[in-house]
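# Could you look at this predicted model? Sequence included:
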Amino acid sequence: MKLIVLGPPGSGKGTISERLEKEFGFLHVSAGELLRTEAKKNTAQGRETKKTIEAGKLVPHQLIVNMIKATVKNKKKYLLDGFPRALEQAQAIEDLKIDSVLYIQIQQDLVIQRFAGRLVCLEGHHSYHIKHLPPKKAGICDIDGSQLIQRADDNPTVIKERFKIFHTETEPVINYYRKKQILKTVDGSGLPDAVYERVKRVLGLK
Ligand code: AMP
């Protein structure tokens, strides 16, 4: 099964994808994580990627399309978290033959509250929330033991820009998959356990 997980910033894409990875063995391909790894490199492309992420904008389509295609080559069971985020990206991966697109729908004012408590680990893509999804040991990732930090692009100005891009660039992608009749929409409000149960139901995994 080849799955796409989409939703506005803070909708819980990462958390839901981690759970699907753990329970069902999907290869979890996070576009944001691939790009954050790229942004750590001291190369022209690395520095450019870092600037783009910190501004909340989209990196060039061809860059992320190539990274995703290289990562999923010859794989049959994976989920793409946060990709495609623009129509051009969606059209560029027609050949991957995606089975289902999960759209985590949530109101903007609700997710803005979530950002205040969001933490991610330094090593991987594991996400936490101070109140709703705390780690077992404060400040430390349960999975890989690395330090938890706040993301540099989780600040009000950049969050606003990321939302703007979601509306202008990513909403057309959602309509694109709706027309193809592979879109599964789920209510992303509430605690992670509740959202995850809804996700499994809508994807026919329970
Ligand atoms: P995320 O971790 O999914 O919130 O992504 C973090 C940042 O990485 C985004 O705000 C963009 O700057 C960049 N990014 C992630 N996915 C994509 C994509 N599909 N296309 C272009 N840029 C992306």
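In hand now; what should we look at? Owing to the predicted nature of the structure, the values given are computational and were not obtained by experimental measurement.
# host element of the one residue in the chain that gets nearest to the ligand?
Residue of the chain nearest the ligand, by C-beta to the nearest ligand atom: Gly32 (2.1 Å). Using the backbone N, CA and C atoms, a C-beta is placed for each residue, glycine as well. Assessed by DSSP states H and E, Gly32 sits inside helix 31-39.
# What lies in contact with that helix?
14, 45-47, 49-50, 53, 59, 64, 67-68, 71, 80-83, 85, 124-125 (C-beta atoms under 8 Å, 6 or more residues apart in numbering).
# rerun that using 10 Å as the cut-off
Outside of helix 31-39, the residues within contact range by C-beta atoms under 10 Å, 6 or more residues apart in numbering are 9, 13-14, 17, 30, 45-54, 58-59, 63-65, 67-68, 70-71, 80-85, 89, 120, 124-126, 151-153.
# So which bits of this protein are right by the ligand?
Residues of the chain lying near the ligand by C-beta under 6 Å from any ligand atom: 9, 31-32, 35, 52-53, 56-59, 64, 82-85, 89, 153, 162.
# So among these, which ones count as buried?
9, 31-32, 35, 52-53, 56, 58-59, 64, 82-85, 89, 153, 162 (16 or more other C-beta atoms under 10 Å).
# Would you map the strands across the chain?
Using DSSP state E, the strands of the chain run over 2-6, 27-30, 78-81, 100-105, 118-121, 127-129, 148-149, 183-187.
# Now mean pLDDT and mean neighbour count too, for these, in TSV please.
Formatted as TSV, the strands of the chain follow (pLDDT from 0 to 100; neighbours: other C-beta atoms under 10 Å):
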stretch	mean pLDDT	mean neighbour count
strand 2-6	98	24
strand 27-30	96	20
strand 78-81	98	25
strand 100-105	97	20
strand 118-121	92	21
strand 127-129	91	20
strand 148-149	95	16
strand 183-187	98	17
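# For the helix or strand bottoming out on mean pLDDT in the chain, enumerate the helices and strands it packs against.
Counting by mean pLDDT, DSSP states H and E, the weakest-scoring helix or strand in the chain turns out to be helix 108-115, with a mean of 84. Counting contacts by 3 or more C-beta pairs under 10 Å, 6 or more residues apart in numbering; DSSP states H and E, helix 108-115 packs against helix 156-165.
# how far is the helix it packs on from where the chain is centred?
Centroid separation for helix 156-165 versus its chain: 15 Å, with C-alpha atoms, centre = their mean, to the nearest Å.
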